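**Q** Sequence plus the predicted model coming up.
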Amino acid sequence: MSDTIDQGQYDLTIADQRCHLGEITEEMDLWENHGFLLRAEATDGTDVTLWTSPYIVKRGPRSYYASEMDILQTVLVATSYTPAEKQVMHDNDFVAVGWCPADYLPRGTVAADRSDERVLWKILGREYEDAPPHWAARGEHGGVDLDLRFEGYVPSFTVYPHDRFADDGIAWYEAYLRANGSIVHDGRRLDVEGYACHERVIVTRDHEPQKMRGHGLNWHHLFADRVQSWIMTSPSAGEGLAYVVVDGTTHKVEGPERVRIEDAGHWVDPRSWMRVPYRWRVVVETDGGVLDLHAGAYARAYYPWTPFRDTVNVLYWMSAEATGTFTRTDGEVVPFAVAKYMAHSNRVLSERQ
């Protein structure tokens, strides 16, 4: 893994970690999340996909949202499959708590204390400490007790810039991190090391629902030793965006013709009865070279997503592995195999007509 970055040289600041609720008028909606995706392996070989985030959802008088609430979410997929077993999907057990209406929390449950040294987010029994490029997540929720540390090793990835938040109604970044620590669940302690992604999305307008209709919004992550990639596409909206990190150097690319996620196999989930993609061919054509990979999933979590007034979405989180190459423009090939991968889909299940 790459070296971490000194605090004075990192592109995110303490101010970027603040809660924005106090800056929003009564007439405005607000969506604010503070999430962490972890893709890791425990010392006992357990394969781990974790997502955890607090959310603040505030409604204006003509709100895009169905309810006003605070949310604490925890998704955990922890499996132990052999290489042969990873060639197929499994009806695995998983933790997915936070977005059932019964989980909704009163506004004000999320607290964010800001000092010159850090921002400390607290909600129920969990807290998130931000001092970029260092973060931590601690505490129990949904039967999952975390003690995790994260360190940034490359500059963050901008989706919508913070300096245009007032004009655009949205600010959004993703930060790739190294991660280590422990997860306790179901009486087991998992000591983990791997990669993570810290996501901040702050929205005062709608969430561009057209991106989630049809095929939906795809959010994929590759975590190989020399090559990591954050990939997002919406085939229905004709959009693609990716960041590819190769030996610590980041390449950004936009456009559906240069960022492609192609479904290469489907699985009928016996629990949800949904037919979902579980194999993919991914090609990302950057100015520095081409990422070309095949990925296959073997475990999942899913749940209905209920924050919006007019749609109910279904979200899938897939634990996967990928094999492929990054071919530089000078012809050098950087191969990777059996690399940690995560495939997330967010699509409209039903829409009020």
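**A** All right, it came through fine.

**Q** For the host helix or strand of residue 315, list every residue counted as buried.
**A** Secondary structure assignment for residue 315, by DSSP states H and E: strand 311-328. Neighbour-count burial for strand 311-328 flags 311, 313-322, 324-328 (criterion: 16 or more other Cβ atoms under 10 Å). From N, CA and C alone the C-beta is placed, and that goes for glycine too.

**Q** contacting residues around residue 274?
**A** Taking Cβ atoms under 8 Å, 6 or more residues apart in numbering as the criterion, residue 274 is in contact with 268, 302, 314.

**Q** do that again at 7 Å, thanks
**A** Taking Cβ atoms under 7 Å, 6 or more residues apart in numbering, we find residue 274 in contact with residue 314.

**Q** Kindly report the same for residue 292.
**A** Residue 292 makes contacts with 283, 324-325, as judged by Cβ under 7 Å, 6+ apart.

**Q** returning to what we had before: from the buried residues of strand 311-328, which is closest to residue 248?
**A** Distance to residue 248, by Cβ to Cβ, is smallest for residue 326 among the buried residues of strand 311-328, at 12.9 Å.

**Q** Isn't the closest one up against residue 288?
**A** No: Residue 326 is not in contact with residue 288 according to Cβ atoms under 7 Å; the separation is 8.6 Å.

**Q** The nearest residue to residue 19 once chain neighbours are set aside - how many residues pack around it?
**A** Leaving aside its sequence neighbours, residue 19 sits nearest to residue 112 (Cβ to Cβ, 6 or more residues apart in numbering; 3.6 Å). Other residues lying near residue 112 total 21 when counted by other Cβ atoms under 10 Å.

**Q** mind listing what residue 112 touches?
**A** Taking Cβ under 7 Å, 6+ apart, we find residue 112 in contact with 18-19, 119, 121.

**Q** now residue 320
**A** Going by Cβ under 7 Å, 6+ apart, the list of residues near residue 320 reads 295-298, 341-343.

**Q** now it: how far from residue 207?
**A** 25 Å (Cβ to Cβ, to the nearest Å).

**Q** Could you do residue 48 as well?
**A** In terms of Cβ to Cβ, residue 48 sits 28 Å off from residue 207.

**Q** Over to residue 189?
**A** 37 Å.

**Q** More neighbours: the two, which one.
**A** residue 207 (20 against 14).

**Q** Domain boundaries for this protein, per the record?
**A** 1-206, 209-353 (automatic domain parsing).

**Q** and those domains as CSV, adding mean pLDDT?
**A** Converted to CSV, the domains of the chain look like this (pLDDT from 0 to 100):
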stretch, mean pLDDT
domain 1-206, 95
domain 209-353, 97
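
**Q** about what we covered before: and the contacts of residue 292 as JSON lines, adding distance to residue 222?
**A** Shown next, in JSON lines, are the contacts of residue 292 (distance: Cβ to Cβ, whole Å):
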{"residue": "283", "distance to residue 222": "12"}
{"residue": "324", "distance to residue 222": "8"}
{"residue": "325", "distance to residue 222": "12"}
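
**Q** sorry, back to before: list just the nearest of the contacts of residue 320 to residue 163.
**A** Nearest member of the contacts of residue 320 to residue 163, counting by Cβ to Cβ, is residue 342, at 29.5 Å.

**Q** nearest residue to that closest one other than its sequence neighbours?
**A** Closest residue to residue 342 apart from its sequence neighbours, by Cβ to Cβ, 6+ apart: residue 221 at 4.6 Å.
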